[in-house]
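Test case, fold it:
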Amino acid sequence: MINVLLCGNEKVFDGALTQLISATNKTREPIKCYIFTMNLQRVNPEFTSIKDEQIEFLNKVVKLKNKKNEVIKIDVTDLYEKEFHQCANEGAYCTPYTLLRLFADMIPNMPDKLLYLDIDIMIADDLTKLYSINIDNYEYAAVKEKYGCWLIRPDYINAGMLLFNMKKIRETKLLEKARHLIKTKKMLFADQDAIFRSTTKKLIISRIYNEQSKFNRKGTVVCHFCKRLMFLPYPHTENYKQWHIEEIHKYLKCHTFDEDLKEYLEWKEKYNKGEA
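Presented below is the predicted three-dimensional model:
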C-alpha cells in the first residue's frame, strides 16, 4: 500500500483528479489517499472544505483502476483553529491549506510512512520507485528546491514532495517544532521554512522525484507544476498547472501527460453533468 497525503479545499478537485489519474494509471500497488481539508471562510469566503460528493467521485475513479485504492477525507478545521488561528503565517505566500500537512502527527491512525504531494503534481512513472526508498534513519526524503538551493542554502528543500517517516518524526517532534515556528515567527515560505528549520536528519534524493522545471525529462517520476521564474523576454513568473492543458502544451511544451489529461477531461465532463 502506498499512503499519500494531499491538502486543500474544494478548489483542489481538478488537481486531485488529474494527479490521482496519473498515479493510478502507472502504479499497480494500491494507493490510499488522505485529503486534509477545512472550512476557513472567516479568512476567505472561498475557503470551503472539499465536498463529500467530490471525494465520492474521486473514489469512483481510483477504484476502477484498483478496487483496493481509496480516497479518505479528513476535516481538520477544529485542529487548525486551535493551533493556528490568526497566527503569524496565516496570510502566507500560499493559502493556509499549505499548513495542514503539519498536522500529520496529530491525526490518529496515520501510517508510519506517508508521501505528501502538492496538488500541482503529476506522476510520470510508477510511484513505487519513490515510495520504496529506504528512509528508516531519516525524518523524510526530499528534493532540493530549484532556486532555494542557490539563494538560501545548498541543502534547502522543496516541500512539494515529502516522503515522511512518521515514526521518526514523532520521536524527533519535527512537526511539533514546525508548528511552534508557524505560530511564533513570520517566515517567507511559511510551512516549507518551518519544516526545513525543524529538521534533524533528512535524505536528499534525485530531482526525478520532484522535477520542477523540465517536464519532459526522461526517467522522471514526479513532475511538479510549481511557479517558475523566467528571465526572457523579461523577468517574470509562470504558474501553469497541469489542468491548464492548453498552456502546458503551448508554453511548457509538455505532452507527457496527454493520455492522463484526456481521461481527466472525460471524467470532469461526467462530474459536471452529475453522472455517478
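
All the helices of this structure, in order from the start?
Along the chain, counting by DSSP state H, helices occupy 13-26, 52-65, 77-84, 128-131, 148-151, 166-172, 174-184, 190-198, 245-250, 258-272.

who wins for proximity to Met1 among those?
helix 128-131 (9.3 Å; Cβ to Cβ). Quick note: C-beta positions are derived from backbone N, CA and C, even for glycine.

so who does the closest residue to Asn158 other than its chain neighbours touch?
Excluding the flanking residues, the one nearest Asn158 by Cβ to Cβ, 6 or more residues apart in numbering is Glu145, at 4.0 Å. By Cβ atoms under 8 Å, 6 or more residues apart in numbering, Glu145 lies in contact with 152, 156-158, 192, 212.

Tell me how far Glu145 lies from Tyr131.
21 Å (Cβ to Cβ, to the nearest Å).

One more: Lys68?
On the measure of Cβ to Cβ, Lys68 and Tyr131 end up 15 Å apart.

out of the two, which sits in the busier spot?
Legend: neighbour count by other Cβ atoms under 10 Å for Lys68 and Tyr131, higher for Tyr131 (21 against 12).

Now for that one: which residues touch it?
Contact analysis of Tyr131 by Cβ under 8 Å, 6+ apart lists 2, 29, 113, 115, 163.

closest to Cys94 among the residues you listed?
Leu115 (19.5 Å).

ok, now how distant is that closest one from Ala104?
Leu115 is 11 Å from Ala104, where distance means Cβ to Cβ.

same deal with Lys183?
Counting by Cβ to Cβ, the gap from Lys183 to Ala104 is 17 Å.

what's the angle from the longest strand belonging to the chain to helix 190-198?
When the chain is parsed with DSSP state E, its longest strand is strand 157-165. Relative orientation of strand 157-165 versus helix 190-198 (axes from the mean of the first three to the mean of the last three Cα atoms, to 10 degrees): 70 degrees.

Just the endpoints, please. Distance across stretch 24-37?
Length of stretch 24-37, first residue to last, Cα to Cα, to the nearest Å: 22 Å.

can you pull the buried residues of it?
Across stretch 24-37, burial judged by 16 or more other Cβ atoms under 10 Å covers 24, 26-27, 30-37.
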